[in-house]
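Engineer: Predicted model and sequence below, questions to follow.
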Amino acid sequence: MHRLTRLALLAALALAAAAALAACGGSSSSSSAGVADGSDSRIPAGAPFIDQDKLQFIPKELSVKVGETVYFKNSETALHTVNIDGKNVSGNMKKNDVFTWVFQQPGSYKITCDYHPQMKATITVTES
Ligand SMILES: [Cu+2]
């Protein structure tokens, strides 16, 4: 009886581990958040990248160096903007529009959108 219980427990753990691995595999195929995966030829693979999708900035936190080009892309039909510390620097971005920005000063910058108050991200810029 004891042994059976143990086996059942082990089986349950193995299933849970397999499910976790499967979940990991699924999310890693869409590249790690904040790093361009090269699927858009306009955005070099490995570049700092913030996606505008599902009415969110993805990711919400990004760290870059002074002088690095940060890429933003609108991946959905809703219009978005890129506002840096409250200033709209991109104008309206339609689906598939790409916008780039290079931060010249270290600091913490708030990224928002004119149309969606829930869209918020923070970019931390450090010395290169
Ligand atoms: Cu928006």
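Structural biologist: Arrived safely.

Engineer: how does the chain divide into domains?
Structural biologist: 1-30, 49-126 (automatic domain parsing).

Engineer: which one of the ones you listed has the lowest average pLDDT?
Structural biologist: Mean pLDDT per stretch puts domain 1-30 lowest among those, at a mean of 49.

Engineer: what's near enough to touch the residue lying closest to residue 82 once chain neighbours are set aside?
Structural biologist: Distance criterion Cβ to Cβ, 6 or more residues apart in numbering; nearest residue to residue 82, sequence neighbours excluded, is residue 90 at 3.9 Å. Yep, even glycine has a C-beta here, placed from its N, CA and C like the rest. Residue 90 is in contact with 72, 81, 82, 83, 99, counting by Cβ atoms under 8 Å, 6 or more residues apart in numbering.

Engineer: Roughly how far does residue 90 sit from residue 107?
Structural biologist: Between residue 90 and residue 107 the computed distance is 19 Å (Cβ to Cβ, to the nearest Å).

Engineer: likewise residue 66?
Structural biologist: 9 Å.

Engineer: So which bits of the chain are right by the ion?
Structural biologist: In this structure, the chain approaches the ion at residues 80, 113, 115, 116, 119, judged by Cβ under 5 Å from the ion.

Engineer: Mind giving me the PyMOL select for those residues, buried ones only?
Structural biologist: Buried subset of the residues of the chain next to the ion, written as a PyMOL selection, criterion 16 or more other Cβ atoms under 10 Å:
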select buried, resi 80+113+116+119
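
Engineer: out of the residues of the chain next to the ion, which are inside strands?
Structural biologist: With strands defined by DSSP state E, no entry of the residues of the chain next to the ion lies inside them.

Engineer: just the strands in this protein please.
Structural biologist: 49-53, 56-58, 61-65, 69-74, 83-84, 87-88, 98-102, 107-112, 120-126.

Engineer: most neighbours per residue, which of the ones you listed?
Structural biologist: Of all the strands of the chain, strand 49-53 has the most neighbours on average by mean count of other Cβ atoms under 10 Å, namely a mean of 22.

Engineer: residues in contact with it?
Structural biologist: The contact list for strand 49-53 (Cβ under 8 Å, 6+ apart) reads 34-36, 43, 57-59, 62, 70-76, 80, 93, 111, 113, 119, 121, 123.
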